[in-house]
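*Asks:* predicted model, plus sequence, below.
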Amino acid sequence: MQREGVRCRVLVIDDDADIRDSTAMVIEMLGHDVVIAADGPSGLAEGRAFQPDLVLLDLGLPGADGHDVARAMRAEAWGLRAMLVAVTGRAGEAHRRVAEAAGFDLHLAKPVDLGTLSEIIARAAALQVIREAPAGGVNQEG
């Protein structure tokens, strides 16, 4: 299921150990690199060290609200490049707008199904390929 050899670097931040660990296991089974954190401050530290392409971030975290963590991530170069996805039990339209204002690219309700997770990782991997392409685009000589 991995997209043509492109490994995505995924950071999972969730205080629920079962959700965090099972999500990480699925991401590894899909052939991608994953790092986990249980709270906002450690998630920020892991992000700085790991430089993820994709962050799956629970909004209800101890130590820092997920919206605040997203804002802090977006204030750093690596956070500007990463795709940020809010993963939460709060799925109403008002919650989506607040998440978007905090800098999230997507807002998903828990639990996230495997198909949706695979699609999001593929999108993040595609963005990674675009970012790493040489200036001027792909050589189209034929």
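*Replies:* That came in fine, so what should we check first? Residues are numbered from 1 along each chain as shown.

*Asks:* for R71, list the residues it contacts.
*Replies:* Going by C-beta atoms under 8 Å, 6 or more residues apart in numbering, R71 touches A102, G103. The way it works is simple: take the backbone N, C-alpha and C, and place the C-beta from them, glycine included.

*Asks:* so how far is A82 from it?
*Replies:* 13 Å (C-beta to C-beta, to the nearest Å).

*Asks:* A109 too?
*Replies:* 21 Å.

*Asks:* those two - which one has more neighbours?
*Replies:* Set A109 next to A82 and count neighbours by other C-beta atoms under 10 Å: A82 wins out with 25 against 15.

*Asks:* distance check, that one against D113.
*Replies:* For A82, the distance to D113 - C-beta to C-beta - is 22 Å.

*Asks:* and the strands in this structure?
*Replies:* 9-13, 33-37, 54-58, 83-88, 106-109 (DSSP state E).

*Asks:* show me where this protein has its helices.
*Replies:* Listed in chain order, the helices of the chain (DSSP state H) span 17-29, 40-50, 66-74, 77-81, 93-102, 114-132.

*Asks:* counting neighbours, what do you get for the nearest residue to A102 once chain neighbours are set aside?
*Replies:* Distances taken as C-beta to C-beta, 6 or more residues apart in numbering place H67 nearest to A102, at 3.9 Å, with adjacent residues excluded. For H67, the tally of surrounding residues (other C-beta under 10 Å) stands at 20.

*Asks:* report the contact partners of H67.
*Replies:* L59, V98, A99, A102.

*Asks:* now the residues you listed as a markdown table including neighbour count, distance to W78 and pLDDT?
*Replies:* What follows is the contacts of H67, written out as a markdown table (neighbours: other C-beta atoms under 10 Å; distance: C-beta to C-beta, whole Å; pLDDT from 0 to 100):
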| residue | neighbour count | distance to W78 | pLDDT |
| --- | --- | --- | --- |
| L59 | 24 | 20 | 93 |
| V98 | 16 | 23 | 91 |
| A99 | 24 | 20 | 92 |
| A102 | 22 | 17 | 94 |
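
*Asks:* I'm done for today, thanks for sticking with me.
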